[in-house]
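S.K.: kindly generate the corresponding structure for this input.
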Amino acid sequence: MPDASAQPTTDADRAIPGPLAGYTTLRTGGPAARIVAAGSADEIVRAVRTAAEPVLILAGGSNVVIGDAGFPGTVVLVRSRGVRVIAEDATSVTVRVDAGEPWDDLVATTVANGWSGLECLSGIPGSTGATPIQNVGAYGQEVAETITGVEVYDRIQGTRQVIPAADCGFAYRGSIFKYVDRWVVLSVDFRLTRSPLSGPVRYAELARALGVEVGDQVPLADARATVLRLRAGKGMVLDANDPDTRSVGSFFTNPVLDRATYD
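M.R.: Model prediction:
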């Protein structure tokens, strides 16, 4: 199958002017000492490897707040794009997605192709490469359920490698990648189910909005549309014409209790 998205060529050695506010979903952020764009995994590695410290890696610009003072070092803009099928059988398909691919574009692609597993994660701002870092999840789904591997650049070892999902330390909104700057995500592999229906609806609010019971399945397009509607009602679907949607998504986490505390 050909790539499902365009592959723009970007010169990672070209400095880009302008305040960082133009690269964040909150539209905040002053100037950087240097901004470079990287349009492929090779360019990302080269930019990170050769940049003078400090280095800030910025992709979709969500889940980040940058002050008016800006950033005193090099900002590497992750602009790699691409969705490729790398394995498939009668019941599933595995896709490799470049880190800079906008997340909601990927979700829309999977729904359009009849691939189930990401539909309830519609409307989340940011890039695909950011999703394994905090095990992004919403409305009863999380990416750890479909990720099979994460390709990274190890800044300590100076090597590229694929970390299997079992070694990513996925937990509730967490992974080995969170709160450390050792690994730069280059691409993510997702194994999705060939199905016109969503996975079982687990989230009560979503089930109510769909008019179904928890555990039921619905057409993929219905699940996506309803999630987008619910998120839009909370000002959480980005709209360039609506400043109230300048959002970083959901930045809170639910409390995690042991059984005795819950009882």
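S.K.: how long is stretch 112-128 end to end?
M.R.: End-to-end distance for stretch 112-128: 17 Å, by C-alpha to C-alpha, to the nearest Å.
S.K.: buried sites along it?
M.R.: 113-128 (16 or more other C-beta atoms under 10 Å). From N, CA and C alone the C-beta is placed, and that goes for glycine too.
S.K.: closest to Gln134 among these?
M.R.: Gly126 (10.0 Å; C-beta to C-beta).
S.K.: tell me the contacts of the closest one?
M.R.: Applying C-beta atoms under 8 Å, 6 or more residues apart in numbering, we find Gly126 in contact with 25, 59-63, 102-103, 136, 249.
S.K.: okay, and which of those residues map to helices?
M.R.: When DSSP state H is applied, the contacts of Gly126 are split such that Trp103 fall in helices.
S.K.: sort the contacts of Gly126 by pLDDT and name the bottom one.
M.R.: Ranked by pLDDT, the contacts of Gly126 bottom out at Gly249, which has 71.
S.K.: so which of the contacts of Gly126 comes closest to Asp42?
M.R.: Asp42 has its nearest neighbour among the contacts of Gly126 in Ala59, at 16.3 Å by C-beta to C-beta.
S.K.: burial count for the closest one?
M.R.: Residues within reach of Ala59, counting by other C-beta atoms under 10 Å, total 25.
S.K.: if I pick it, what's in contact with it?
M.R.: So Ala59 contacts 77-78, 99-100, 126-127, 129-130 (C-beta under 8 Å, 6+ apart).
S.K.: in JSON lines: these, plus pLDDT.
M.R.: As requested, the contacts of Ala59 are exported to JSON lines (pLDDT from 0 to 100):
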{"residue": "Leu77", "pLDDT": "97"}
{"residue": "Val78", "pLDDT": "98"}
{"residue": "Ala99", "pLDDT": "98"}
{"residue": "Gly100", "pLDDT": "98"}
{"residue": "Gly126", "pLDDT": "93"}
{"residue": "Ser127", "pLDDT": "97"}
{"residue": "Gly129", "pLDDT": "98"}
{"residue": "Ala130", "pLDDT": "96"}
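S.K.: which one of the contacts of Gly126 sits closest to Thr94?
M.R.: Trp103 (17.8 Å).
S.K.: residues touching that closest one, list them.
M.R.: Contacts were defined as C-beta under 8 Å, 6+ apart; by that measure Trp103 touches 60, 121, 124-128, 130-131, 136.
S.K.: how far away is it from Gly249?
M.R.: 10 Å (C-beta to C-beta, to the nearest Å).
S.K.: so what sits against both of those two?
M.R.: Common neighbours of Trp103 and Gly249, counting by C-beta under 8 Å, 6+ apart, are 124-126.
S.K.: the lengthiest strand in the chain pairs with which strands, parallel or anti?
M.R.: Longest strand in the chain, counting residues (DSSP state E): strand 183-194. Note on strand 183-194: by DSSP bridges, its sheet partners are strand 92-98 (antiparallel), strand 115-116 (antiparallel), strand 147-154 (antiparallel).
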